[in-house]
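[1] Predicted model and sequence follow; I will ask about them next.
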Amino acid sequence: DTAVSQTPKYLVTQMGNDKSIKCEQNLGHDTMYWYKQDSKKFLKIMFSYNNKELIINETVPNRFSPKSPDKAHLNLHINSLELGDSAVYFCASSQGTVLEKLFFGSGTQLSVL
Amino acid sequence: DAKTTQPTSMDCAEGRAANLPCNHSTISGNEYVYWYRQIHSQGPQYIIHGLKNNETNEMASLIITEDRKSSTLILPHATLRDTAVYYCIVKGNTPLVFGKGTRLSVIA
C-alpha cells in the first residue's frame, strides 16, 4: 500500500475553473502538508495541518483552501485557477511537527491552460 | 533557519562512493541537518538527519564536522538509481525549506 497517495496524478484544466487534489496517508501520522514545486524546481511549503488544525499557512492566495476532514486526509481546493498555478503539488505527512521525517506523495502535475 | 550551500551538480561512477558536501556556516545550536533526495518525477525522499554526531542508516552516512558548519552525505556504493537531486536542509522549529540541491548523476 502506498503510504501517501495523491489523486489525480495529472490535472489539465482551463483558467478560471475550480479544482481539487486529494491526499490520503495510511501511516497514522498527525501532521500533513502541501508543497508546491514550480517550473524552476523550487519546492515551497504551502500549508501544514496537525490533527486537522491548520498550523502553517504560508503566503498563499486565498484561492487555495486546504481541508482536512480527518487526520489521514488533507485535500487542496483551488478556486479560479490562474496560469501561474501550473506546478507540481506534493502532499506529505510526518509524525510530529518539529523533528520531521516527511513522507511525500508522488505529486500532482497541474497544468492550467 | 540557517541557509545551506551545495554544489549545483556532481558526477559519480557507479559502484563508487558518492560524497555530497554541504556548507551551513550559520547553523544554530538547536538546528538539525537533514538530507532528502528527489528522483525525477517523484516526491522527495527522506535520507538521513543528524545534530552533532555522525549518523548511518541503510541508505547513507552523514558526517558532520565538529564545528557543525558543514556536512557530507555519503552514499557508499552509488548505483544508477541514486541519480537524483539531493537537498541538504538545516532545520529548527520551522518547516523544511528546500533549496536548489545538488544534482547527482551516477554514470555507468
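    The structure has been received and is ready for your questions.

[2] average pLDDT across stretch A:6-21?
    Mean per-residue pLDDT for stretch A:6-21: 97.

[3] do the same with stretch A:54-72
    For stretch A:54-72, mean pLDDT is 88.

[4] contacting residues around the residue of chain B found nearest chain A?
    Chain B approaches chain A most closely through B:Gly43 (3.1 Å), counting by C-beta to the nearest C-beta. Glycine gets a C-beta too; all of them are placed from N, C-alpha and C. Residues counted as contacts of B:Gly43 (C-beta atoms under 8 Å, 6 or more residues apart in numbering or on different chains) are A:Val4, A:Phe90, A:Ala92, A:Phe104, A:Gly105, A:Ser106, A:Gly107.

[5] Please repeat the previous calculation with a cut-off of 6 Å.
    B:Gly43 makes contact with A:Phe90, A:Phe104, A:Gly105, A:Ser106, A:Gly107 under the criterion C-beta atoms under 6 Å, 6 or more residues apart in numbering or on different chains.

[6] Quick one: buried ones out of those residues?
    The neighbour-count criterion (16 or more other C-beta atoms under 10 Å in any protein chain shown) marks A:Phe90, A:Phe104, A:Gly105, A:Gly107 among the contacts of B:Gly43 as buried.

[7] quick one: which two of those residues are the most distant?
    Farthest apart among the buried ones among the contacts of B:Gly43 by C-beta to C-beta are A:Phe104 and A:Gly107. That separation is 7.8 Å.

[8] Find residues that contact each of these two.
    Common contacts of A:Phe104 and A:Gly107 (C-beta under 6 Å, 6+ apart): A:Phe90, B:Gly43.

[9] beta partners of the closest residue in space to B:Arg37 that isn't next to it in sequence?
    Nearest non-adjacent residue to B:Arg37, counting by C-beta to C-beta, 6 or more residues apart in numbering or on different chains: B:Ala84, 4.3 Å away. Counting by DSSP bridges, B:Ala84 forms beta bridges with B:Leu104.

[10] Would you agree B:Ala84 is in contact with B:Tyr36?
    No: using C-beta atoms under 6 Å as the test, B:Ala84 is too far from B:Tyr36 to be in contact (9.5 Å).

[11] Within range of chain B, give me the residues from chain A.
    Residues of chain A lying close to chain B (C-beta under 6 Å from any C-beta of the partner chain) are A:Leu43, A:Ile45, A:Ile56, A:Phe90, A:Val98, A:Lys101, A:Phe104, A:Gly105, A:Ser106, A:Gly107.
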